[in-house]
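>>> Predicted structure and sequence below. I'll ask about it afterward.
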Amino acid sequence: MGSTGTGIDGQQWDDARWPQTVFRDCTFRRTRFPQHTFFGNVRFERCVFDRSRLRQQTATFEAEFVDCVFLGRVRSTNFWGRPSEHDQATLGREHNDSAGNDFTGAQLDDVAFRHIDLRAQRFPGLPGYALLDRITERVRAVLPLVDDWPEKRHREEARFALEFLAGTARENNDDHALISPADMGRRLPPAQREELFAAFTRTTSDTSRD
C-alpha cells in the first residue's frame, strides 16, 4: 500500500485527502502569528482576532474565514477565495469560503483580497476607506488630475499605483476594490493622495455598506 502522507519543504501534496482543521468561536487575543505562517487547510468560524499580530501573512491560500471579527492592525496579509490550483483536488474544493467577516474595527495596511466577494464582508468606511465598483473606469477618470501635477516623480508614482490598482481589481475582484489614500501612491505627498482618493469616491456608484 502506498504512502498516504502529504509533504512540505518543497514536496508536492500527494493524492490523499487533506483534512481540515476548524476553529469555531475562538478568540485570538494578542496572539503572535509568526511572519509567513503556513496556515494550511484551516477554517475559522465566528472567531475574533483581537489585536493579534497578523503581519506578513501571505501563505494563506487554503485558509477559510467565515463570520470572523478582526480588531487592530492587519498588515501585509492576503485573503484568498480560491486555493492554489495544484491543491484543489486534494482539498476537495475549488473555492474557499469567505463571507460575513467584520473588519470595521481593523486598520488595514497592504491587505489583499483575491477572488473574494468584497460585498459579503464588512469594512471600515470613510474617511479612511471606501469599497468601490468600476475601478478601471474610475482610474481613467482621475488620471487627468495627475497630468496637471508639476513634479514628474509624483506623476509617475500615481500612474503606477492607479494602473496597478485597476489591474488587480479586474483580475481578482470583478473590478471592485477596497481602497484607501495609501492605494493612490504610498510615496505621494498626503495632499495629493487625498486629492485622488476624494476623486475616486466623488460619485454615488460605490457599493459600500452603511
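In hand now; what should we look at?

>>> Every contact and neighbour count from this point should use C-alpha atoms.
OK.

>>> List the buried residues for the longest helix along the chain?
Determined from DSSP state H, the single longest helix within the chain is helix 152-173. By 16 or more other C-alpha atoms under 10 Å, the buried positions in helix 152-173 come out as 154-155, 157-159, 161-163, 165-166, 168-169, 172-173.

>>> Output the helix or strand encompassing residue 78 as PDB, nothing but the C-alphas.
Taking DSSP states H and E as the definition, one finds residue 78 inside strand 69-80. Only the C-alpha atoms of strand 69-80 are listed here, as PDB (Å, rounded to 0.1, in the frame of the first residue of the first chain):
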ATOM      1  CA  VAL A  69     -14.100  39.700  13.500                       C
ATOM      2  CA  PHE A  70     -10.700  41.500  13.100                       C
ATOM      3  CA  LEU A  71      -9.700  44.200  15.600                       C
ATOM      4  CA  GLY A  72      -6.500  46.200  15.500                       C
ATOM      5  CA  ARG A  73      -3.800  46.300  12.800                       C
ATOM      6  CA  VAL A  74      -3.700  43.800   9.900                       C
ATOM      7  CA  ARG A  75      -0.600  44.300   7.800                       C
ATOM      8  CA  SER A  76       0.600  42.800   4.600                       C
ATOM      9  CA  THR A  77      -1.900  39.900   4.700                       C
ATOM     10  CA  ASN A  78      -3.600  38.000   1.900                       C
ATOM     11  CA  PHE A  79      -7.100  36.500   2.000                       C
ATOM     12  CA  TRP A  80      -7.800  34.100  -0.800                       C
END
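
>>> Name every strand pairing with that strand and say which way it goes.
Using DSSP bridges, strand 69-80 pairs in its sheet with strand 48-50 (parallel), strand 54-57 (parallel), strand 102-109 (parallel), strand 112-114 (parallel).
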